[in-house]
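[1] here is a sequence with its predicted model. Questions after.
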Amino acid sequence: MSTVALPAPAARPSTRPGLWRLTVVELRKMTDTRAGFWLLVPTALITIAVAVIAALAFESQDANLLNFLAISTVPSSVLLPVVGILLVTSEWNQRTAMITFTLVPDRGRVLLAKLLAGVLLALIAFQLCLICGLLATAVAGDDGDATWSLSAALIGQALFSVAVPMISGVAFGAVLLASAPAIVLYFVLPTVWGILGEIPALEGVARWLDTGRTMSPLLEESLSATEWARVGTSLALWLLVPLALGVWRVLRADVR
């Protein structure tokens with residue numbers, strides 16, 4: 001008896017969403033919710049208001065692009081991390097994590113998409129800060145080269161100063177998976193450590209572990225190798241450790 005080989009069934013196309021699509025979805029989540037919307041709109045308005053006030057208040061010797069950009073980034077670096085926290089914690093607070101992880105079982109990819117979405121939002125916010133800085137300089141500054149001087153290194157450091165707090169917010173949200181405690185601890189812990197750093201016995205350690213000190217020169221001058229080492233050391237404590245704990249927590253947390 002001869003046998004007839006049946007053709008192999010056609011391979012079904014993979015329905016696994018790509019990382020870019022997941023990132024766009026997470027970026028949309030930050031703007032679709034009422035909490036996210038009412039954080040982003042005031043952040044943009046405050047950034048514009050700060051630039052306008054600075055243009056009116058700065059003395060002529062201070063009216064340069066670097067100073068206007070530096071002050072324009074403050075609202076984003078302070079408020080955007082709250083959006084990053086809510087991006088993670090809302091999945092558990094509103095009990096949508098079950099739907100998210102059912103559609104995309106790989107929790108690590110979901111968390112990576114949230115991080116990338118946070119970086120993209122920080123990039124968008126930085127563009128607004130840069131536009132506000134340019135307009136304020138055009139209004140209040142003079143035509144000298146020093147007024148408009150801004151190196152690529154300083155632009156990168158300014159973007160870094162906006163993106164890092166956003167990533168830290170996502171990390172703190174992932175660690176606690178609850179909005180209120182994550183927001184409180186995100187602001188309280190570095191503040192308390194900054195106060196303790198004023199104690200003479202801890203001042204040497206604070207120069208390496210207090211992000212308020214290590215990151216403040218980012219918008220003043222191009223950092224030296226030692227200053228970058230201090231930035232990296234402080235971020236290892238306040239960004240990498242929470243991020244590692246957050247990844248572990250998200251991967252192991254019970255979804256209800």
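    Structure received.
[2] where do the strands sit along the stretch 101-250 of the chain?
    Counting by DSSP state E, counting those that start in this stretch, the stretch 101-250 of the chain has no strands at all.
[3] where does it have low pLDDT?
    In the predicted model of the stretch 101-250 of the chain, residues 144-146 satisfy pLDDT under 70.
[4] that one: helices as residue ranges?
    If you assign secondary structure with DSSP state H, counting those that start in this stretch, the helices in the stretch 101-250 of the chain sit at 107-140, 145-148, 152-176, 179-196, 200-209, 211-214, 225-235, 241-252.
[5] among the ones you listed, which is the most enclosed?
    Most buried of the helices of the stretch 101-250 of the chain, by mean neighbour count (mean count of other Cβ atoms under 10 Å): helix 152-176, with a mean of 22. C-betas here are computed from N, CA, C, even on glycine.
[6] what about the nearest residue to K114 once chain neighbours are set aside, neighbour count?
    For K114, ignoring the flanking residues on the chain, the nearest one in space by Cβ to Cβ, 6 or more residues apart in numbering is E26 at 4.9 Å. By other Cβ atoms under 10 Å, 24 other residues sit near E26.
[7] CA atoms only for the strand or helix carrying E26, dumped as PDB, please.
    Mapping E26 onto the secondary structure by DSSP states H and E places it in helix 19-32. Included here for helix 19-32 are C-alpha records, laid out as PDB according to Å, rounded to 0.1, in the frame of the first residue of the first chain:
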ATOM      1  CA  LEU A  19       8.300  46.400  20.600                       C
ATOM      2  CA  TRP A  20       7.700  49.700  18.700                       C
ATOM      3  CA  ARG A  21       3.900  49.000  18.700                       C
ATOM      4  CA  LEU A  22       4.000  48.300  22.400                       C
ATOM      5  CA  THR A  23       5.900  51.500  23.000                       C
ATOM      6  CA  VAL A  24       3.300  53.500  21.000                       C
ATOM      7  CA  VAL A  25       0.500  51.800  23.000                       C
ATOM      8  CA  GLU A  26       2.300  52.700  26.300                       C
ATOM      9  CA  LEU A  27       2.900  56.300  25.100                       C
ATOM     10  CA  ARG A  28      -0.900  56.600  24.400                       C
ATOM     11  CA  LYS A  29      -1.700  55.300  27.800                       C
ATOM     12  CA  MET A  30       0.200  58.300  29.300                       C
ATOM     13  CA  THR A  31      -2.000  60.700  27.500                       C
ATOM     14  CA  ASP A  32      -5.400  58.900  27.300                       C
END
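[8] helix or strand right after that helix?
    Remark: after helix 19-32, the chain's next helix or strand is helix 34-57, criterion DSSP H and E.
[9] what packs against that next one?
    Counting by 3 or more Cβ pairs under 8 Å, 6 or more residues apart in numbering; DSSP states H and E, the packing neighbours recorded for helix 34-57 are helix 19-32, helix 65-72, helix 74-93, helix 107-140.
[10] quick one: contacts of the shortest one?
    In this case it means helix 65-72. Contacting residues not belonging to helix 65-72 are listed as 47, 50-51, 54-55, 58, 128-130, 132-134, 136-137, 140-141, 147-150, 154, 158, 219-220 [Cβ atoms under 8 Å, 6 or more residues apart in numbering].
[11] having no further points to raise, I will conclude here.
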